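In: Predicted model, plus sequence, below.
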Amino acid sequence: MNTGFKFSAKLAPLAVALLLAGCSSGASVADYAWGDSSDSSNPAPAQTKNGLTTAPDTSSYKYTPALPSTTTRTASSSGLSTPPKNSQRVYVVVNDRPITGFDIAQRMRLNKALGRRQLSRKGTVKELINDAVQISELKKNKVSITDRQLDGAIKNMTSSTGSTPAKLKATLRKRGVSFTALKDQIRASLALRYLMQRSGTKVGKVDDATIDRRLRKINSDPRRQAVTVYLLRQVDLPVENINSAMGGQLLQARAVEAQQIAQRYKGCSSLRKAARGIYNVKVSKTIQADGRRLPAKMRKALRSAGQRKLLGPMRAAGGIQMIGFCGTKRIEPPKASRAQVKSMLRAETFETAAERVLRDLRRKAFIDYKVQSVRS
């Protein structure tokens, strides 16, 4: 018997939109809103015996978007990343279905690519176990999910974001994710919906008052308030053998070269030109530093120097450092909408109802952990 039913996951279009949109070269508002600390307890610069102030550790104020690594990937002939170590090792057997290291790695990459909540290794294994028991129960009921149904579900996901299955497949491939991993996840989701319908599981409704309370709570969260970032560029003149007997003289020589750069400096756009001809100078890209985390003295010094002068030269751990102030930018996270909160709450109520069904399925299933470290 072949039973068909509609895939209508509310959050799937949003996840696909995030994936296909990619990341811009600027700051990520989401990461700024949720990831920053308001700690401003960094020490103020101190004088050194060479007469140079100690450079503040600007790396601690640097904002770096969480982008997928491209340096650690090795492309295979299939276009997917090289399988991880122990990829063929069986970690769990659910009924007659093995879950391998490759399955775990693929699901973790898929969740990351789709912008879903990142699970631990144990959490990912539990998710895969749930999928396996759902598919196993579907087979017992002699119900199958066809390729046509899967293709239709993926088409619905992508069309709602103005994309296509082909574009989604290509994007996943770049992230080292097999399209089969997405299909397996969707197949399990369809199976769960069928099993919930068959068991008569009720999904609670979300009332307006609950939506309004959650909306106020989300939008009033301090982490979602506007952030002023300082745009900085860092200039480093490294000194080799800094701790040698000649270290002090080498630092002074580099400080003189730093002064030459400072005299030529006309603003951030002129920085590389100003450093031309000076040996071994490292100029950073623009750093977006959260103003709440910069020490008050450093903010004052940057404002005093303005955008036409470099701050420094200063003594740094590996040599001489200067900082260019390129201005400020206000980053304001978009407010959550009522529709988004309603969708989120509906997903939560569905998840609660689904967990009741899954508990019963796991109790009846044969689950054999071959690797105890992934056991929940």
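Out: Structure received.

In: Local confidence estimate at the residue of the chain most remote from its centre?
Out: The outermost residue of the chain, judged against the average C-alpha position, is residue 245 (45.7 Å), by C-alpha atoms, centre = their mean. Listed pLDDT for residue 245 reads 81.

In: Same check on residue 161?
Out: Taking residue 161 on its own, its pLDDT is 78.

In: Next: the one 5 residues further on.
Out: Among the per-residue scores, residue 166 shows a pLDDT of 92.

In: Tell me the secondary structure at it.
Out: helix (DSSP: H, G, I helix; E, B strand; the rest coil).

In: quick revisit: mind checking the backbone torsions on the residue farthest from the centre of the chain?
Out: Torsion angles at residue 245 (phi, psi; degrees, to the nearest 10) stand at phi -60, psi -30.

In: How many neighbouring residues does residue 180 have?
Out: 9 (other C-beta atoms under 10 Å). For every residue, glycine as well, the C-beta is placed using N, CA and C.

In: Could you verify that it is part of a strand?
Out: No. The assignment for residue 180, made by three-state DSSP, is helix rather than a strand.

In: need the contact list for it.
Out: Contact analysis of residue 180 by C-beta atoms under 8 Å, 6 or more residues apart in numbering lists nothing.

In: Quick check: the gap between it and residue 307.
Out: 53 Å (C-beta to C-beta, to the nearest Å).

In: Read off the pLDDT value for the closest residue to residue 367 other than its chain neighbours.
Out: Among residues not flanking residue 367 along the chain, residue 94 sits closest, at 5.5 Å (C-beta to C-beta, 6 or more residues apart in numbering). In the predicted model, residue 94 carries a pLDDT score of 94.

In: Specify the beta-bridge partners of the closest residue to residue 286 other than its chain neighbours.
Out: In this structure, residue 286 finds its nearest non-sequential neighbour in residue 231, 5.4 Å apart by C-beta to C-beta, 6+ apart. Using DSSP bridges, the beta-bridge partners of residue 231 come out as residue 288.

In: For the protein, which segments count as helices?
Out: In the chain, the helices defined using DSSP state H lie at 12-21, 29-35, 101-113, 121-140, 147-159, 165-174, 179-199, 208-219, 247-264, 271-274, 296-305, 338-364.

In: Looking at those helices, spot the one closest to residue 280.
Out: Ranking the helices of the chain by proximity to residue 280 (C-beta to C-beta) places helix 247-264 first, at 9.2 Å.

In: May I see the buried residues of the closest one?
Out: Residues of helix 247-264 classed as buried by neighbour count (16 or more other C-beta atoms under 10 Å): 250-251, 254-255, 257-258, 261-262, 264.
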